[in-house]
Structure formats: C-alpha cells, structure tokens
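Engineer: Need a 3D model of the following:
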Amino acid sequence: MRIVELNENSKKNILEDLLKRSPNNYDQFADSVNEILTEVKKNGDDALFAYTKKFDGADIDASNILVTEEEIKEAYDSLENKELVDIIRKSLNNIEVYHEKQKQYSWFDSKTDGSLLGQKVTPLERVGVYVPGGKAAYPSSVLMNVIPAKVAGVDEIIMVTPPGKDGKINPNTLVAANEAGVDKIYKVGGAQAVGAMAYGTASIPKVDKIVGPGNIYVALAKKAVFGYVSIDSIAGPSEILVIADESANPKYVAADLLSQAEHDELASAILVTTSMELADEVSKWVDKFVAELSRTEIIQKSLDNYGYILVADTMDDVIDAANEIASEHLEILTKNPFDTMTRIRNAGAIFLGEYSSEPLGDYFAGPNHVLPTNGTAKFFSPLSVDDFIKKSSIISFSREALQPVSEDIQKFAKAEGLTAHANSIKVRFE
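Structural biologist: Okay, the predicted model is just below:
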C-alpha cells in the first residue's frame, strides 16, 4: 500500500478522491434508470416482467413472481452448509436484542390547566427490502434490514431480489428472509423492482419505505423515487478507516483493511497512524495477504485506487483526519481506544480494540451494518428502529389553558399577515 505523509494538502486530495465514488457522480446512468421507472409506473407488471427477462434472463409472470412455501422449504433442503441456519438464528437474536433497546414509545405530558402535549409513535404500515441477487447474495444484509423493521412493529415487510435465469432465488437469501420473518418475497430486482415498490403494480404492492443495498442502478432508482416513498439512504461503496498507534498489531491492521477492500474495486481502506514503523509493517502484511486471498484482483484495484496509509505527526492530526473522512467503519487500535473514541465525532460504526474487527459488526455483534458512506456519517446514522417509525405531535388545550395565551397567538399571527389564523383564536373568546 502507498504510504503518504498526512498534511493539509494530502488530506484534501484524498477527500476529493473518495468523494468521486459517490452515487451522485454517476449521472450517466440516470437516463436509463428514469426510463425504466417511467415504464414501470406506466405499464406495471408488463414492464416488470419484460425487464426481468431482459436483465436477468428469467421468465417471471404473475403466476410465479411470488416465492412459495414450497420454494422456501426447497431452499432449506438445498443449503450447502447446513450449519448456516443455526448461525443465522444466533446472529438474528443478537441483532434483535440490540435493536430492542432502540424502541421509542408514545408519551404525554398533561398540566393542571387542562393542556396536554405529547408524541404518538406509529410503525410504518408496509416496508420494502431490496436484496441483491446472484453472486452478491448476502443473508447478513437481509437480517440487518428486516430485524429493525420487525422490532419497530411494521405491519408488512416485503422483499424483492433478482432471480437467476432458472427463476430461482439464492437459497441463503430465502432462508435468511424466512428466519427474519419477511411476509412476502418477490422474484424481481434492479431499478424495476424499486419502481414497483414505489408506485405499486398488480403483483407488488406500494410500500411506505424502501431499504436495502444494490448496484448503481438500484441506488439511483431509490434516489429518483424518494418523495413517492421514503428511502434509507443512497449507499456508496464500502469503506474502512483504522486509527492506530505504535501499540497496534500490524498483522491485524492489514487483515482488517483488506476485509473491506475485497468488497468492490471502489471500496476504500485507509490506515492513519503516528508510527512510520507500523506503516511499513502493515504495508508488508498487506502484500503478503493479497497474494494469498481469493479476490486478489478486486482487492488490488481497490488498494491502488482508494487505499492509503497516512502517517501523521500527532494523534490530534490523526483524529482530525478521521473526523474529516467520516468513515463508514472506524477501527481504533490504540493504547487506550475508549479515550480515543471520545474524540471521534464522525463515524458510522466504531470498533474498539484489537479483537473488535469490522466483520464482527457485519455478521454477529448486533448493531446494524447498514451505515452511512462517502462522508455522510457527518450527518447520517446507522439504520435503526427509528427508520421504521413515524411520530405525530399531540396537542390538546382546554379553554382555561388557551385563554391566557390567546392574545399572544393573535399578535404573532397578525405579525405574519395571517389574519385568518388570528381569527381562529379570536372567535373562541367573543
């Protein structure tokens, strides 16, 4: 990996480099996506089935678009790794326990004058989960997107995922969806699936919110339908940033950096350290691992494009860089990681200590692995139960509570030129 001295100029260049990966910079695909969405909105199922044949090579129609109980049973029977079911159940339990702690409840605050203020918390009625298909089949993402919706109390959760040419869904995906409690699973993917959930078709109902990862076409489709429905985020490529001092184990650091570089040629893996000795050792271990791992070509391109080892003068400089980059995943491998963590403002998920590597969060710990990317951790949070609820304000005043403030309200309304607002209060005391 390249080793770069951290200064204001190198930090600026790296930030600009990383931002090039944002889905917002892929407008050349927008016309194709909008054409697909327009067709789905206009022609519903006909467009859905035609695009599934065109892009996935599968013959899907109204009679077989919905996954059946028999197909789910077949998925369990066809699992290559029979232990996966038990592993999924353990992971599911950890995710559920963590997200239960995020639940919010309605509240009301009443006073003796007859006024009552409050907040009513209501789960969304129907949510759509997008799950990638083919080789990019990630049952862990099924759990991470479905479980917080279940905990929130969403009435109906539907899932869409592209079929293979044989019209079948990856069995790992089906098993994870069934274990998580998905209500209906549809064999359709791509921008057309996003359009179907946003507008509704004869086969697929309109949802209130769409969540889940996908390729650039899916990301741009979610961006385009926002407003018809809510969405979780426009997810960019995966990224990891490791903060380390001279106490860190270079072998662990190298392994953790590569755990994200293998995702995608656009994935970002960055080490920021105060130790040149550590930087050199990590670089050597990276080279050794790259030669041994299965996705060598993807990893190498990721490192060549967006991999950096940044060497800083002080830990303050390291912290500043980490907060500017605002990484999706942040590992802290320092003498006192908890102290370092208190100085971090911007990160999607923070992993503390040498035995808290990023894949622990991907699969098993419990916190959600759907995280803000491309610097959006400065203002976005991980997917949570909050994403599947909405809040209504509650206001109730008696005459006795309203009268003392009625004149103030009328004056406020008149100051804004809204005399009908003022009159609405006035008529109650004439």
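
Engineer: can you pull out the helices in the stretch 101-250 of the chain?
Structural biologist: 139-152, 171-180, 190-199, 216-225, 250-261 (DSSP state H, counting those that start in this stretch).

Engineer: the strands in the protein, which residues?
Structural biologist: Assigned by DSSP state E, the strands in the chain fall at 3-5, 107-110, 116-123, 126-130, 156-161, 184-187, 209-211, 230-231, 239-244, 268-273, 307-311, 329-333, 349-352, 389-396.

Engineer: Of all these, which one is nearest N374?
Structural biologist: strand 239-244 (7.9 Å; C-beta to C-beta). All C-beta spots, glycine's among them, are computed from the backbone N, C-alpha and C.

Engineer: Which other helices and strands does that closest one contact?
Structural biologist: On a contact count with 3 or more C-beta pairs under 8 Å, 6 or more residues apart in numbering; DSSP states H and E, strand 239-244 meets helix 250-261, strand 268-273, helix 315-325, strand 329-333.

Engineer: Name the strands paired with that strand and say parallel or antiparallel.
Structural biologist: Each strand paired with strand 239-244, and its direction, by DSSP bridges: strand 268-273 (parallel), strand 329-333 (parallel).

Engineer: Just put those strands in CSV and tack on mean neighbour count.
Structural biologist: Conversion of those to CSV gives the following (neighbours: other C-beta atoms under 10 Å):
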stretch, mean neighbour count
strand 268-273, 28
strand 329-333, 28
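
Engineer: Could you export the ones you listed as a markdown table, including distance to T340 and mean pLDDT?
Structural biologist: Formatted as a markdown table, these follow (distance: least, C-beta to C-beta, whole Å; pLDDT from 0 to 100):
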| stretch | distance to T340 | mean pLDDT |
| --- | --- | --- |
| strand 268-273 | 11 | 96 |
| strand 329-333 | 5 | 98 |
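
Engineer: Compare these and give me the one nearest Q119.
Structural biologist: Per C-beta to C-beta, nearest to Q119 of these: strand 329-333, 32.4 Å.

Engineer: one step back: any idea which of the strands of the chain has the lowest pLDDT on average?
Structural biologist: Ranked by mean pLDDT, those bottom out at strand 3-5, with a mean of 91.

Engineer: remind me which residues of the stretch 1-150 of the chain are low pLDDT?
Structural biologist: Filtered on pLDDT under 70, the stretch 1-150 of the chain yields the residue ranges 24-25, 134-136.

Engineer: quick one, helices of the stretch 301-430 of the chain?
Structural biologist: Under DSSP H, counting those that start in this stretch, the stretch 301-430 of the chain gives helices at 315-325, 337-341, 358-363, 399-415, 419-426.

Engineer: Looking at those helices, which is nearest to V85?
Structural biologist: It is, among the helices of the stretch 301-430 of the chain and with distance given as C-beta to C-beta, helix 358-363, at 14.6 Å.

Engineer: would TSV of the helices of the stretch 101-250 of the chain with mean neighbour count and distance to S238 be doable?
Structural biologist: Below are the helices of the stretch 101-250 of the chain laid out as TSV (neighbours: other C-beta atoms under 10 Å; distance: least, C-beta to C-beta, whole Å):
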stretch	mean neighbour count	distance to S238
helix 139-152	25	12
helix 171-180	23	19
helix 190-199	28	21
helix 216-225	23	13
helix 250-261	23	5
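
Engineer: Just put those helices in TSV and tack on distance to S10.
Structural biologist: Shown next, in TSV, are those (distance: least, C-beta to C-beta, whole Å):
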stretch	distance to S10
helix 139-152	34
helix 171-180	41
helix 190-199	38
helix 216-225	28
helix 250-261	18
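
Engineer: re earlier: K165: which of the helices and strands packed on strand 239-244 is closest?
Structural biologist: helix 250-261 (30.4 Å).

Engineer: Remind me what that closest one packs against, helices and strands.
Structural biologist: Against helix 250-261 (3+ C-beta pairs under 8 Å, 6+ apart) you get strand 239-244, strand 268-273, helix 276-292, helix 296-306, strand 329-333, helix 358-363.

Engineer: so can I have JSON lines of the helices and strands packed on strand 239-244 showing distance to A224?
Structural biologist: Converted to JSON lines, the helices and strands packed on strand 239-244 look like this (distance: least, C-beta to C-beta, whole Å):
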{"stretch": "helix 250-261", "distance to A224": "28"}
{"stretch": "strand 268-273", "distance to A224": "26"}
{"stretch": "helix 315-325", "distance to A224": "28"}
{"stretch": "strand 329-333", "distance to A224": "28"}
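
Engineer: between the ones you listed, which gets nearest to E430?
Structural biologist: helix 315-325 (58.1 Å).

Engineer: From the contact counts, what lies against the closest one?
Structural biologist: Against helix 315-325 (3+ C-beta pairs under 8 Å, 6+ apart) you get helix 8-19, strand 239-244, strand 268-273.

Engineer: and it, which residues are buried?
Structural biologist: Neighbour-count burial for helix 315-325 flags M315, D317, V318, I319, D320, A321, A322, N323, E324, I325 (criterion: 16 or more other C-beta atoms under 10 Å).

Engineer: what's the closest of the residues you listed to K206?
Structural biologist: The closest of these, once distances to K206 are taken by C-beta to C-beta, is I325, at 37.9 Å.

Engineer: So that closest one sits against L18, correct?
Structural biologist: Yes. Using C-beta atoms under 8 Å, I325 makes contact with L18 at a distance of 7.0 Å.

Engineer: which neighbours do the two share?
Structural biologist: G375 (C-beta atoms under 8 Å, 6 or more residues apart in numbering).

Engineer: Now do the contacts for the residue nearest the centre of the chain.
Structural biologist: Nearest residue to the geometric centre of the chain (C-alpha atoms, centre = their mean): V370, 3.2 Å. By C-beta under 8 Å, 6+ apart, the contact list for V370 reads S141, M144, N145, V211, P213, D232, S233, A235, P382, L383.

Engineer: same check, this time on D313
Structural biologist: L6, T274.

Engineer: Next, find the distance separating it from F429.
Structural biologist: 69 Å (C-beta to C-beta, to the nearest Å).
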